[in-house]
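*Asks:* Got a sequence here, can you build the structure:
(4 chains)
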Number of protein chains: 2
Amino acid sequence: MASGQGRVLELAVLGSLHETPLHGYELRKRLNALLGMFRAFSYGSLYPCLKSLLEQGLIAEEHPTAVTGRSKIVYKLTAEGKERLQELLTQAGPSAWEDESFGVHFAFFRHTEAEVRLRILEGRRSRLEERLDGVRTALARTRERLDSYTLELQRHGLESVEREVRWLNELIATERRASQEPAKDMSSDE
Amino acid sequence: MASGQGRVLELAVLGSLHETPLHGYELRKRLNALLGMFRAFSYGSLYPCLKSLLEQGLIAEEHPTAVTGRSKIVYKLTAEGKERLQELLTQAGPSAWEDESFGVHFAFFRHTEAEVRLRILEGRRSRLEERLDGVRTALARTRERLDSYTLELQRHGLESVEREVRWLNELIATERRASQEPAKDMSSDE
DNA sequence: AATTTCATGTAATTCGTTACATGATTCC
DNA sequence: GGAATCATGTAACGAATTACATGAAATT
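*Replies:* Have a look, this model is predicted:
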């Protein structure tokens, strides 16, 4: 019982707080600036999440500086919170590939191990390729002539997903290149 | 109590059944072929939805042809179901603009009035433009230098949304052109 | 005969939202 | 001193999923 709010929001909060301590209101703005193109969290989910993280000891209120009548509650990551964050950042399974969570995982790639980054990017790519396959074969199977709107929707959808696959291909290539040159500064060839 | 499953799934089911009667299993495949690029429904949501629509009298089982031991339950739209579908197709408010529902509304544009189509496309466009605005200003506000992953995420996100806006612009232009030529066949000018 | 795929359904759970309620602080 | 926006929180609900359970039909 009560393991807390969803993993995605948990990661988003812990990841943000890892950078710098923040209070709820500010945190939400940060998140929506960072991820606004993909998703937006509301206060109604954020505050319960903070409460839950606090109860689990993963975050703590920053000391209220004694006398100051605080109307802001600033949270920071605890040691356990940092451990938990690392644990979440190391997850490279489906939970990191899906539409709702991929963007959040990606946003904190700076703190993710190179190997895990690569597995997430590849996982995401094969997830999208499965989707392309599924739709393409289903499309071939449906003999019925589709109306122009349906066709246009299919076309645009396929194109968008194909674009993301190309984007992932570039990122994967970059990651591979980066990991294969641990130290490269002296020019040994011509 | 019990107004039924979400509007999106309801529209998707009624819209599909408007074309041709189907049983649940087949219906799901159709939907996932039609909308697979955007979303996928599971049996766990589809069957309860069918049940609810049946109870509301919006769909009916096709008569089981007497003797045949049916293991398929084929549903078709009732008169009330057609009315309800028209009602849903006429909704041009936010419920038709959002990510989760826009694709479903668009998929049935064939049955939607030209005026409503236009308002949905425009609504969707301004929703996306709001999102672009929000992220852009939030981005300008954050003075902090972002790491390369965050930047790349922002860039890709912005570009994707901008692409969809351009797509919508084309669709809107096409719709406008089409509505302004009610009958154009005889060449009256040179 | 065994396995796969088709087909239907339910219960518990997940993950989040909307709407509401409340008050402090800053801007004009 | 009134309005906007900053700030925190809760209760009720929404919309779908996952996991489970079951069995018929087709394929090998």
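*Asks:* pLDDT below threshold where in chain A?
*Replies:* Counting by pLDDT under 70, chain A shows low-confidence ranges at A:1-4, A:64-70, A:143, A:182-190.
*Asks:* quick one, strands of it?
*Replies:* With DSSP state E applied, chain A shows strands at A:22-23, A:59-61, A:74-77, listed in chain order.
*Asks:* Partner strands of the first one, with direction?
*Replies:* Paired neighbours of strand A:22-23 in the sheet (DSSP bridges): strand A:74-77 (antiparallel).
*Asks:* what does the partner strand rub up against?
*Replies:* A:14, A:17-18, A:21-24, A:27, A:50, A:53-54, A:58-62, A:85 (C-beta atoms under 8 Å, 6 or more residues apart in numbering or on different chains). In this view, the C-beta of every residue, glycine as well, is placed from N, C-alpha and C.
*Asks:* again with stretch A:48-68
*Replies:* Outside stretch A:48-68, the residues that reach it (C-beta under 8 Å, 6+ apart) are A:2, A:4-5, A:9-10, A:13-14, A:17, A:21, A:24, A:27, A:70, A:73-78, A:80-81, A:84.
*Asks:* Stretch A:26-44 too?
*Replies:* A:9, A:12-13, A:16-17, A:22, A:24-25, A:46, A:50, A:75, A:99-100, A:103-104, A:107, B:131, B:134-135, B:138-139, B:141-142, B:150, B:153-154, B:157-158, B:160-161.
*Asks:* which of the residues you listed are buried?
*Replies:* A:9, A:12-13, A:16-17, A:22, A:24, A:46, A:50, A:75, A:103-104, A:107, B:131, B:135, B:150, B:153-154, B:157-158, B:160-161 (16 or more other C-beta atoms under 10 Å in any protein chain shown).
*Asks:* Next step: these restricted to helices.
*Replies:* In helices, judged by DSSP state H, the following of the buried ones among the contacts of stretch A:26-44 are found: A:9, A:12-13, A:16-17, A:24, A:46, A:50, A:103-104, A:107, B:131, B:135, B:150, B:153-154, B:157-158, B:160-161.
*Asks:* out of the residues you listed, which touch DNA strand C?
*Replies:* A:L9 (C-beta under 7 Å from any atom of the strand).
*Asks:* Spit out the contact partners of the nearest residue to A:H105 once chain neighbours are set aside.
*Replies:* What sits nearest to A:H105 in space, not counting adjacent residues and going by C-beta to C-beta, 6 or more residues apart in numbering or on different chains, is A:A96, at 4.4 Å. Neighbour list for A:A96: A:102, A:105, A:120, A:123-124 [criterion: C-beta under 8 Å, 6+ apart].
*Asks:* Switch those residues over to CSV; also include neighbour count.
*Replies:* Shown next, in CSV, are these (neighbours: other C-beta atoms under 10 Å in any protein chain shown):
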residue, neighbour count
A:F102, 23
A:H105, 26
A:I120, 24
A:G123, 19
A:R124, 24
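*Asks:* near DNA strand D, which of those residues show up?
*Replies:* Applying C-beta under 7 Å from any atom of the strand to the contacts of A:A96, none is adjacent to DNA strand D.
*Asks:* Distance to B:Q180 added to these, as JSON lines?
*Replies:* Shown next, in JSON lines, are these (distance: C-beta to C-beta, whole Å):
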{"residue": "A:F102", "distance to B:Q180": "42"}
{"residue": "A:H105", "distance to B:Q180": "48"}
{"residue": "A:I120", "distance to B:Q180": "49"}
{"residue": "A:G123", "distance to B:Q180": "48"}
{"residue": "A:R124", "distance to B:Q180": "44"}
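*Asks:* follow-up on the earlier one: from the contacts of stretch A:26-44, which are also near DNA strand D?
*Replies:* Checking those against DNA strand D (C-beta under 7 Å from any atom of the strand), the matches are A:24-25, A:50.
*Asks:* Put together CSV for the strands of chain A, with distance to B:E175 on each row.
*Replies:* Putting the strands of chain A into CSV (distance: least, C-beta to C-beta, whole Å) gives the following:
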stretch, distance to B:E175
strand A:22-23, 45
strand A:59-61, 50
strand A:74-77, 49
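*Asks:* from the middle of its chain, how far away would stretch A:165-181 be?
*Replies:* In this view, stretch A:165-181 has its centroid 18 Å away from the chain centroid, taken as C-alpha atoms, centre = their mean, to the nearest Å.
*Asks:* quick one: buried residues of that stretch?
*Replies:* Applying 16+ other C-beta under 10 Å to stretch A:165-181 flags A:165, A:167-168, A:171-172, A:175 as buried.
*Asks:* Could you do stretch A:33-43 as well?
*Replies:* A:33-39, A:41.
*Asks:* In these, find the pair that's most separated.
*Replies:* A:M37 and A:F41 (13.4 Å; C-beta to C-beta).
*Asks:* picking that back up, of the strands of chain A, give the one that comes closest to B:E113.
*Replies:* strand A:22-23 (47.6 Å).
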